[in-house]
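# sequence and predicted structure, then a few things I'm wondering about:
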Amino acid sequence: MYEFEFTRPASVAEAVAALSTEDAQALGGGQTLIPTLKQRLAMPTTLVSLSGVAEMQGIRLEGDGPLVIGGAVTHAQVASGAGAYPALAALAGQIGDPAVRNRGTIGGSLANNDPAACYPAAALGSGATIVTNIRELAADDYFQGMFTTALEEGEIVVAVKFPIPDAANYQKFVQPASRFAMVGVFVARFADGVRVAVTGASEEGVFRWAEAEAALTANFTPDAISTLTVDADGMIGDIHGTKAYRAHLVNVMTRRAVSASA
Amino acid sequence: MTKVTMTVNGKPASGDVEGRTLLVSFLRETLGMTGTHVGCDTSQCGACVVHVDGKAVKSCTMLALEAEGAEVATIEGQAAADGTLNTIQAAFQEHHGLQCGFCTPGMVMSAAALLKDNPKPSEAEIRHYLEGNLCRCTGYHNIVKAIMAASGQDVSAIAAE
């Protein structure tokens, strides 16, 4: 790692001030950022840890929903504390391994927007709202392609608001070495329709599968999408799986998610 | 350099570290506690697992300054002061849960974290929990057996395939 200053502010306001320094970088749980720094792929002058910000802790249910999760809440805390939204708790419990889940945070995952991360699928599939220090962003506007989000320089994910669907499920085809999703599909059925969000598959990062959403809104069964396909063009192709393989997996994992949530 | 202060195995510990100093480097190089190992240095292998405020973490992927004020537990604190092994360590010895021993500190700390949350895990739960701890010698069977034994369960059903 290159040398950097480390600061651990106690409030969002102090964190925002610290992040206004040139080349300052926010640090969530560090499970992606620290390996990135070790490889010298980033050279921040100041690392601003968000782990001491009390306002970004905690999980609370507002009435019947949304479920509001602080940006610095760890995957392990969501897995054990998001019982009001079981599909989300189950997703969090499948990220990485136990030690990684004790450090990695939801805000860090969403800010990084890794194309194979699990949380982007949950946020987009649930139609969540990303709450930052300056505004609220609909998930549909927040994700803007691989490792790209609507966040401005120095903007922090303070919390995430998840509406709670009538039924939901996440199916992850694990890439066994990294434990990221080779393909992961989050399906959520609300009174006004079904949302389907796919991670791990596309070169554009997490995306909604509109054709499947329409078919499942009309008929929430795996058979409703058995003949639907996604175009292999634009899928990720690498040593772990070809574009066609991932395109195939999108359909398979979507059907499994519908079966598991119906 | 910044001063960091924490509790390690129940005793106060402090030292001057850089922002980039990893928790594992602080433990090994500043405190001289080399029981915690660095295997892969990429948060894959789990040889560096310690507990921070009761939670298992990979100390190669946490900055020392993030542990300011924390209670840290390492492999050095597992045995009694007179060297008597704790239940998990004794079970690893009894069931031959190690060969070269490099992964063992992390395995023992992960096992301790598992048994704290789940005192009677099934074989499948143990194997799943150890996803982030790699062992290149044993093939895992004897590690799983040791953890089953440490939890007071019958191990005869776990076959060494």
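Cool, the structure landed.

# can you list contacts of stretch A:234-248?
Contact partners of stretch A:234-248, identified using CB atoms under 8 Å, 6 or more residues apart in numbering or on different chains, comprise A:115, A:175, A:182-183, A:200-204, A:229-233, A:249. C-beta here means a position set from N, CA and C on the backbone, and glycine is covered the same way.

# between these, which is nearest chain B?
A:Gln175 (12.7 Å; CB to the nearest CB).

# which non-adjacent residue is nearest the closest one?
For A:Gln175, ignoring the flanking residues on the chain, the nearest one in space by CB to CB, 6 or more residues apart in numbering or on different chains is A:Met182 at 4.4 Å.

# what about that neighbour, neighbour count?
By the criterion of other CB atoms under 10 Å in any protein chain shown, A:Met182 has 22 neighbours.

# dump the residue contacts of it.
With contact taken as CB under 8 Å, 6+ apart, A:Met182 is in contact with A:Ala116, A:Phe173, A:Val174, A:Gln175, A:Gly200, A:His240, A:Gly241, A:Arg246, A:Leu249.

# what is the burial count for the fourth one?
Under the neighbour criterion other CB under 10 Å, A:Gln175 is assigned a count of 16.

# the one 5 residues further on too?
Residues near A:Phe180, counting by other CB under 10 Å, number 19.

# ok, A:Tyr2 - contacts?
Each residue near A:Tyr2 by CB under 8 Å, 6+ apart is listed here: A:Leu37, A:Arg40, A:Met43, B:Arg20.

# okay, who's weakest in the contacts of stretch A:234-248 by pLDDT?
The member of the contacts of stretch A:234-248 with the lowest model confidence is A:Gln175, at 89 (criterion: pLDDT).

# so is the residue positioned nearest the centre of chain B in a helix, a strand, or just coil?
Computing the C-alpha centroid of chain B and ranking residues by CA atoms, centre = their mean puts B:Met109 first, at 2.5 Å. In terms of secondary structure, B:Met109 is helix; the call rests on DSSP: H, G, I helix; E, B strand; the rest coil.

# the closest residue to it other than its chain neighbours pairs with what?
Nearest in space to B:Met109, with sequence neighbours left out and distances taken as CB to CB, 6+ apart, is B:Val49 at 4.4 Å. Listed by DSSP bridges, the beta-bridge partners for B:Val49 are B:Lys58.

# and the residue in chain B that chain A sits nearest to, how far is that from A:Tyr85?
Shortest chain B-to-chain A distance, computed as CB to the nearest CB: residue-wise this is B:Gly132, at 2.7 Å. According to CB to CB, to the nearest Å, B:Gly132 and A:Tyr85 sit 25 Å apart.

# and these two? Which one has more around it.
Each of B:Gly132 and A:Tyr85 has its neighbours counted (other CB under 10 Å); A:Tyr85 has more, 25 against 21.

# let me see the contact set for residue 31.
By default, I'm working from chain A. With contacts defined as CB under 8 Å, 6+ apart, the neighbours of A:Gln31 are A:Gly96, A:Val100, A:Arg103, A:Gly104, A:Gly108, B:Ser43, B:Thr61.

# chain B, not that one
In this structure, B:Leu31 makes contact with B:Val8, B:Ala13, B:Gly15, judged by CB under 8 Å, 6+ apart.

# which positions in chain A make contact with chain B?
Where proximity means CB under 8 Å from any CB of the partner chain, the interface of chain A facing chain B comprises A:1-6, A:8, A:27, A:30-31, A:34-35, A:37-38, A:47, A:49, A:51, A:76, A:96-100, A:102-103, A:179.

# follow-up on the earlier one: going through the contacts of stretch A:234-248, which ones are buried?
Burial of these was assessed by neighbour count (16 or more other CB atoms under 10 Å in any protein chain shown); the buried members are A:Pro115, A:Gln175, A:Met182, A:Val183, A:Gly200, A:Ala201, A:Ser202, A:Val230, A:Ala232, A:Leu249.

# how about those in a markdown table, adding secondary structure?
As requested, the buried ones among the contacts of stretch A:234-248 are arranged in a markdown table below (three-state DSSP):
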| residue | secondary structure |
| --- | --- |
| A:Pro115 | coil |
| A:Gln175 | coil |
| A:Met182 | strand |
| A:Val183 | strand |
| A:Gly200 | coil |
| A:Ala201 | coil |
| A:Ser202 | strand |
| A:Val230 | coil |
| A:Ala232 | coil |
| A:Leu249 | helix |
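
# go through those and say which is closest to B:Gln99.
The shortest distance between B:Gln99 and any of the buried ones among the contacts of stretch A:234-248, using CB to CB, involves A:Gln175 and amounts to 28.3 Å.

# pretty sure that closest one is touching A:Gly184, no?
No: contact criterion CB atoms under 8 Å: A:Gln175 and A:Gly184 do not qualify, at 10.1 Å.

# mutual contacts of the two, please.
When contacts are counted by CB under 8 Å, 6+ apart, the set common to A:Gln175 and A:Gly184 consists of A:Ala116, A:Gly200.

# next up, the contacts around the closest residue to A:Ala247 other than its chain neighbours.
In space, A:Ala247 comes closest to A:Ala232 once its chain neighbours are excluded; the distance is 4.2 Å by CB to CB, 6+ apart. Contacts of A:Ala232 were listed using CB under 8 Å, 6+ apart, and they are A:Thr242, A:Lys243, A:Ala244, A:Arg246, A:Ala247.

# residue numbers of chain B in contact with chain A?
Remark: the part of chain B in contact with chain A comprises B:2, B:18-20, B:22, B:41-43, B:46, B:49, B:52, B:55-58, B:61-63, B:65-66, B:68, B:110, B:113-114, B:129, B:131-133, using CB under 8 Å from any CB.

# ok, back up a step: give me the pLDDT for the closest residue to the residue of chain B closest to chain A other than its chain neighbours.
Taking CB to CB, 6+ apart, and ignoring the residues beside it in sequence, B:Gly132 has A:Asp97 as its nearest neighbour in space, at 2.7 Å. Here, the pLDDT recorded for A:Asp97 equals 96.

# do the one 5 residues further on as well
Here the pLDDT value assigned to A:Asn102 is 98.

# measure how buried it is and give me the count.
A:Asn102: 25 surrounding residues under other CB under 10 Å.

# I figured it hits B:Lys55, correct?
Yes: the criterion here is CB under 8 Å, and A:Asn102 meets it with B:Lys55 at 4.2 Å.

# overlap of the contact sets of those two?
A:Ala76.

# quick check: which element contains A:Gln77?
helix A:75-81 (DSSP states H and E).

# quick one: contacts of that helix?
Contacting residues not belonging to helix A:75-81 are listed as A:59, A:69, A:73, A:88-90, A:92-93, A:95-96, A:98, A:100-102, A:104-106, A:109, B:55 [CB under 8 Å, 6+ apart].

# I'm done for today, thanks for sticking with me.
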